[in-house]
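Trainee: Here is my input; please provide its structure:
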Amino acid sequence: MAKKVTKIIKLQIAAAKATPAPPIGTALGPAGVNIGDFVKKFNDATQAMIGNTIPVVISVYDDRTFDFIMKTPPAAEMVKKTIGIETGSGAPNSKKVGKITKKQVEEIAARKMVDMNAFDLKGAVKMIEGTCRSLGVEVVD
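Mentor: Take a look at the predicted model:
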């Protein structure tokens, strides 16, 4: 018989830098998960992705065991990394912080496609372009 999922926890954690301290400990503690075990498994699984923030979905079962699924880094983080900026614009409509090419946007959309709710690459590209606009990044040809 399959285990029953009692709780689903969604977190964004820096790759290979998980610690039992908040916010991880405070999210997993009430669910009864062995926090040290999760931290070790997560850090081992994300060793090759150092420097990225990894969204993770943790399924906690009724016997206090868990599974986790790692997603691709957030689109905004990928855009900022691609063009080499630290933060987005505080006023994205008037103050632009950088430029990104359509080709770079397509590459990001292709990598994010597995986690997006777009039917095709064209739709995913439009979503990434929207993220660029909200960051104050201009999309150029």
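Trainee: Domain map for the chain?
Mentor: What automatic domain parsing lists as the domains of the chain is 5-70, 75-140.
Trainee: For the last one, the averaged confidence score.
Mentor: Along domain 75-140, the predicted confidence averages to a pLDDT of 95.
Trainee: just the helices in the chain please.
Mentor: Along the chain, counting by DSSP state H, helices occupy 24-28, 35-45, 75-83, 102-112, 121-135.
Trainee: Now render the ones you listed as JSON lines, adding distance to Tyr61.
Mentor: No exception for glycine: its C-beta is placed from N, CA and C like everyone else's. What follows is these, written out as JSON lines (distance: least, Cβ to Cβ, whole Å):
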{"stretch": "helix 24-28", "distance to Tyr61": "13"}
{"stretch": "helix 35-45", "distance to Tyr61": "13"}
{"stretch": "helix 75-83", "distance to Tyr61": "30"}
{"stretch": "helix 102-112", "distance to Tyr61": "29"}
{"stretch": "helix 121-135", "distance to Tyr61": "33"}
